[in-house]
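Asker: need coordinates for the following:
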Amino acid sequence: MSDNQKTNSNKPAGNRRKSRELVLKGLYQYLLSPKELRLIVREMADEADFARADEAYFRALLEGVYDQIQELDARITKFLDRTIAELSPIEHAILLISAYELIFDVSIPYRVAINEGVELAKLYGGTDGHKYVNGVLDKLAAEARPSEVKR
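Answerer: The predicted structure follows:
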């Protein structure tokens, strides 16, 4: 199969869920100890699962969240019952990823963005953290994509 056929098929070049997991790991590190984006990318590229990820999506998502982190935090904060600082770094990173997809990537259906966030929270978050993430993302989706949510 040629590269052109791969690009035009419905299946992404790699696994987007794996890309989100790597972005989660990179953001987690960043939230604990801020560092330059290029260092995060380099560290994630050394991960064993990197070859299974959709590299282009990984880079776009990580760069997007990194560049928009202040706006994302501002949008998320409205729907929290605590301050951003009181969130676990894992839940914070998951909310950043899903919020970015909801606000800045309308090619991803809002239900997919929420579901992916919930699945990451089930895998990496604390007990019942996925319920909290789901509640926050539901409210954010209603604000960010009102017409899509109403349908």
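Asker: helix or strand next in line after the helix or strand of the chain with the lowest mean pLDDT, which one?
Answerer: Every helix and strand of the chain was ranked by mean pLDDT, DSSP states H and E. The lowest is helix 3-8, at a mean of 38. Next helix or strand after helix 3-8 toward the C-terminus (DSSP states H and E): helix 16-32.
Asker: output the below-cut-off pLDDT ranges for the chain.
Answerer: Scanning the chain for pLDDT under 70 picks out the ranges 1-14.
Asker: all helices for it, in order.
Answerer: 3-8, 16-32, 37-45, 55-77, 89-104, 110-124, 129-144, 146-150 (DSSP state H).
Asker: separation between Asp67 and Ser147?
Answerer: Distance from Asp67 to Ser147, counting by Cβ to Cβ, to the nearest Å: 26 Å. Every residue, glycine included, has its C-beta placed from N, CA and C.
Asker: so between the two, which is more surrounded?
Answerer: Asp67 (13 against 6; other Cβ atoms under 10 Å).
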